[in-house]
Structures are given as structure tokens and as C-alpha cells.
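**Student:** Got a sequence here, can you build the structure:
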Amino acid sequence: MRIQACALTLLACVAAVASGPAAAGACDGESPPSVVVNSLRQPLALDRSKAIDELTLMMGNDHLSGAGFVTLGVTAVEYSTTITSNVQSRRDGTGAWCAFPVNVIVEHGFAKPVRVYIAREVQEGTCKYEATMDHELQHVRIHEAGLWKARIAVDREVAAAVRRQMPVRGRSSDEAIRAVNDIVTEAVDRAVREVSAGVQRDNDAMDTPEAYLAFSRQCSK
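**Tutor:** Predicted coordinates:
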């Protein structure tokens, strides 16, 4: 009864819009960008195609399998994160270019249906089946809660990065725009990794020798 989470993939898909040279003036004082974070959800997919040995192998040689435990269920989750930024640039009073984000849209969540594996040897309707399914659904709920936490974290980190580092100046419009996109991407990546680490800790806290022993006592037949 373990969790299998695919590595998070961060894709920066940026649409940058550069304005033409505007009247000379300071680049400071721009309004904060609009930041929208959309959570990507997927349906649950139950998979009974794998045997206990296959699921145990999926989890690797960790301390649980090494202690003689086998895996009856696995929850597999794959994440994706896409960033779309609208960045504007203009010349400042010195003739250099500065750039700032107008809006940032982040889509973060499940890339594919959340797949819950229950070993095919576990018969539906038995104590082992019900207990395994309940355990895996708790893992699913942890991941779903992580989507909400990610929305909050991304909004916080992007706002902080804008406050500390914007506007960005460069020798050309393209250079300034690239710097803005890099800063936004780093902020989103930082937020997502922070939440992902917390989700992993919560999942690991469920998969302990003590939890497996309790399961064994609950479903001894």
C-alpha cells in the first residue's frame, strides 16, 4: 500500500508581448500583474492488471519491502505545470529597456488520470480489498489537497518575486523579457517543489511498518 509519484515536470510556455518604444519615463510604479493559478484535476482510474510482485517491484527496494512487506496497492500520480506570461517592455529614461509581467497564468495539477492499482490477487469485497482501497484513496486525497496548497504557494512566490525583482532592465527588449520569464519560472518552480515535498512527506507518513502491521491485524484472513 504505497504511493508512486512521477517526477514533477515544469514546462515554461511563455507568450511574450513587447510594446514598441514608448515615451521616455521611469519603469517603476507598474501595477502588480494579474496571477491566475488553475488546478488541473483528472478522474480516478482503477487498475487491477498487476500482481503483488509487480506492485512491490514498482516501489523499489525500500525499507518496507526489505522488511518482508509486500505491496497490495499503489497510487500513481503524474504532475504537469505550465506557465503562460504576458510580458511588456519599453525604454526607460536612459534609453535602456525594462520589462514587467502584465499577467501570469499557471496551470498545475494532474497530467493524467490518477491511477490506483489494486493487486489482482486481492479479491473484491474482502477486508484486504476494502482496507487497501481506503488506504490508496487517502493518498489520492493528499495529492488533491496539494493542488490547493500549490495555488496559494504559487501566488505567494510570484507576488514576492515581482515585488523584489521587477521591473527587469536589459540591453535589449528580448534580454529584459527573457529575464522576467526566468524570474517567474523560478518562482513557480520554487512553490511547486515546496508543496511537492510536503505532499511526499504526508504520503510517507502513511506508509510505515506500524501502518502495515495494523493492516495485517485488521485483515488477518
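**Student:** for the longest helix seen in the chain, packing partners?
**Tutor:** Ordering each helix of the chain by length in residues (DSSP state H) puts helix 127-165 first. Helices and strands in packing contact with helix 127-165 are listed as strand 34-40, strand 73-77, strand 97-110, strand 114-118, helix 173-206, helix 209-218; criterion 3 or more C-beta pairs under 8 Å, 6 or more residues apart in numbering; DSSP states H and E. In this view, the C-beta of every residue, glycine as well, is placed from N, C-alpha and C.
**Student:** Of those, give the one that comes closest to W148.
**Tutor:** strand 34-40 (7.1 Å; C-beta to C-beta).
**Student:** quick one: buried residues of that closest one?
**Tutor:** Neighbour-count burial for strand 34-40, counted by 16 or more other C-beta atoms under 10 Å, picks out 35, 37.
**Student:** what's the offset of it from the middle of its chain?
**Tutor:** The chain centroid and the centroid of strand 34-40 are separated by 13 Å, computed with C-alpha atoms, centre = their mean, to the nearest Å.
**Student:** That one vs helix 173-206, what angle?
**Tutor:** 40 degrees (axes from the mean of the first three to the mean of the last three C-alpha atoms, to 10 degrees).
**Student:** Outside of the helix or strand just after strand 34-40 itself, list whatever touches it.
**Tutor:** Downstream of strand 34-40, the first helix or strand assigned by DSSP states H and E is strand 44-47. By C-beta atoms under 8 Å, 6 or more residues apart in numbering, the list of residues contacting strand 44-47 from outside reads 113-118, 140.
**Student:** ok, now with 6 Å
**Tutor:** Residues from elsewhere that reach strand 44-47 (C-beta atoms under 6 Å, 6 or more residues apart in numbering): 113-117.
**Student:** need the next SSE after it, C-terminal direction.
**Tutor:** Downstream of strand 44-47, the next assigned helix or strand under DSSP H and E is helix 52-58.
**Student:** from the middle of its chain, how far away would the longest helix of the chain be?
**Tutor:** Remark: helix 127-165 is offset 8 Å from the chain centroid, using C-alpha atoms, centre = their mean.
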